[in-house]
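[1] Return a 3D structure for these sequence lines:
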Amino acid sequence: MRLQQIESKSHLAYGEYQHRYLLATDIVTICVCILFSAFSFWNAGKMFLYVMDVPIDREIVYGIYFLLIPMGIIVLCRLFNAQRNRFIMFLRIFYVQLLYALFFRECIILSQLMYNGLSFDAIFANMDFALFGYQPSTIFHKKVPDNRLITEIFFFSYFFYYLLITTGWWLLFFKGKYKEAIRSLTIITCAFYVMYILYVFFPVKGPKYFFPELYHVWYNRFHGYFITDFMKCIFNNMNIGGAAFPSSHVAISFISIVLNFMYNRKLAWVYLPLTIMLYLSTVFIYAHYFVDVVAGIATGIFLYLAIPPIIKKIQPCMIWLEMKLGKLFNMEQFRLP
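    Have a look, this model is predicted:
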């Protein structure tokens, strides 16, 4: 009876429920951290860090680290829930975006540890060949004119992904549309977490790791301007293969552009051509197979449709957990500016 009363008053997925202590993104992030901690402990003994020539089990360290993040979230909520300053509340709500890169890198490492470096790339390379009679990821960049400006446009389109998945919700927040901002952030964050968990158990490294002719050349053939050099630097420093199928760049950008059309229509029309270029750029820079892009669109559609009703279904449990944690740690109630 009590759960039914709670459910009738709440619309957590859409930001309409006046959260007492925690947002849906807080609760889901805490749960995913605990799950990734379990994954790390499960893979203990497979990878080591060396500090002053002393071996330290990396996965034990990260298992503990993922358990500390929920404590950090609770401290953050305890300190900032009742703050009326808009900038502080912005940090309180959107801190979760800083964790996306951490989970992305870690899901790749965990998948490599679980499968001992093996991947399913051959399946998708063969699918691309069956569709086209050649490998789009090895041919596309050769068919495009070797022009610095064109290369810069493709690399900027790939970089644009990081703006697409964040700036729309920031704009909604500073326009005072808090419900829409929280709803968008919730859907995007949940979509990311679903894909990260999938990547742990389904390793696909991508064309630039699978085809020797791409791996040996890497990105040295591309010459653009600032963004091209910036992205090449990122690729060089994060040289680990994985999380390629389905493409999260495509899936999350699809959800993001749909949400922007719902809440930021003028911005969405500006973002739309860049989003299409983003899809093309994933193959142009040989980060993905063509089928990764198709699967990314399908996954984006599925997650966009599935996440809100799932969150609505589990709202009673989430609110129960929120109330327990809020009272246990003596949190202030959450208040928007």
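
[2] Contacts only, for the residue nearest the centre of the chain.
    Centroid-nearest residue in the chain, with CA atoms, centre = their mean: residue 192, separated by 3.8 Å. Residues in contact with residue 192, defined by CB atoms under 8 Å, 6 or more residues apart in numbering, are 100, 103, 248, 252. Where C-beta positions appear, they are placed from N, C-alpha and C, glycine not excepted.

[3] With residue 213 instead?
    Residue 213 neighbours (CB under 8 Å, 6+ apart): residue 138.

[4] That one and residue 142, how far apart?
    11 Å (CB to CB, to the nearest Å).

[5] what do you get for residue 314?
    48 Å.

[6] Within the helices and strands, which one has the closest residue to residue 164 other than its chain neighbours?
    Leaving out its chain neighbours, the residue that sits closest to residue 164 by CB to CB, 6 or more residues apart in numbering is residue 256, at 4.9 Å. Per DSSP states H and E: residue 256 is located in helix 248-263.

[7] now swap in residue 39 and tell me
    helix 24-42.

[8] in a helix, that's where the residue nearest to the centre of the chain is, yeah?
    Yes: if the criterion is DSSP: H, G, I helix; E, B strand; the rest coil, then residue 192 is within a helix.

[9] Quickly note the distance from it to residue 25.
    10 Å.

[10] Check residue 57 too.
    30 Å.

[11] what about those two, which has more around it?
    residue 25 (23 against 17; other CB atoms under 10 Å).

[12] Quick check: that one touching residue 96?
    Yes: applying CB atoms under 8 Å, one finds residue 25 in contact with residue 96, separated by 4.9 Å.

[13] who touches both of the two?
    If you check residue 25 and residue 96 against CB under 8 Å, 6+ apart, the residues they both contact are 185, 189.

[14] thought residue 125 was touching residue 135?
    Yes: between residue 125 and residue 135 a contact is recorded at 6.6 Å, counting by CB under 8 Å.

[15] any shared contact partners between the two?
    With CB under 8 Å, 6+ apart, residue 125 and residue 135 have common neighbours 207, 211.

[16] unless I'm mixing things up, residue 186 is touching residue 25, no?
    Yes: with contact defined as CB under 8 Å, residue 186 counts as touching residue 25 (5.6 Å).

[17] list the buried ones in the helix or strand hosting residue 88?
    Following DSSP H and E, one finds residue 88 within helix 86-94. Neighbour-count burial for helix 86-94, counted by 16 or more other CB atoms under 10 Å, picks out 89, 92-94.

[18] Could you save the residues you listed as a markdown table and add columns showing pLDDT and distance to residue 170?
    Shown next, in a markdown table, are these (pLDDT from 0 to 100; distance: CB to CB, whole Å):
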| residue | pLDDT | distance to residue 170 |
| --- | --- | --- |
| 89 | 93 | 12 |
| 92 | 94 | 13 |
| 93 | 95 | 10 |
| 94 | 97 | 7 |
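
[19] any idea which of those is closest to residue 332?
    Each of the buried residues of helix 86-94 was scored against residue 332 by CB to CB, and residue 92 proved nearest at 11.2 Å.

[20] gap between that closest one and residue 181?
    Residue 92 is 12 Å from residue 181, by CB to CB.

[21] For the nearest residue to residue 247 once chain neighbours are set aside, give me its contacts.
    In space, and not counting its chain neighbours, residue 247 is closest to residue 296: 3.6 Å by CB to CB, 6+ apart. Counting by CB under 8 Å, 6+ apart, residue 296 touches 246-251, 254, 279, 288.

[22] Now do the SS call for residue 296.
    Under three-state DSSP, residue 296 comes out as helix.

[23] And for residue 145?
    Residue 145 ends up coil, using three-state DSSP.

[24] Please apply the same query to residue 243.
    Quick answer, by three-state DSSP: residue 243 is coil.

[25] so the closest residue to residue 160 other than its chain neighbours, which of the three states?
    Excluding its sequence neighbours, the residue lying closest to residue 160 (CB to CB, 6+ apart) is residue 274, at 4.8 Å. Per three-state DSSP, the secondary structure class of residue 274 is helix.

[26] distance of residue 274 from residue 306?
    From residue 274 to residue 306 the distance is 26 Å (CB to CB).

[27] what does residue 194 give?
    9 Å.

[28] the more surrounded of these two?
    Neighbour tally, residue 194 and residue 306, criterion other CB under 10 Å: the higher count belongs to residue 194, 20 against 13.

[29] Is it correct that that one is in contact with residue 303?
    Yes: counting by CB under 8 Å, residue 303 is a contact partner of residue 194 at 6.2 Å.
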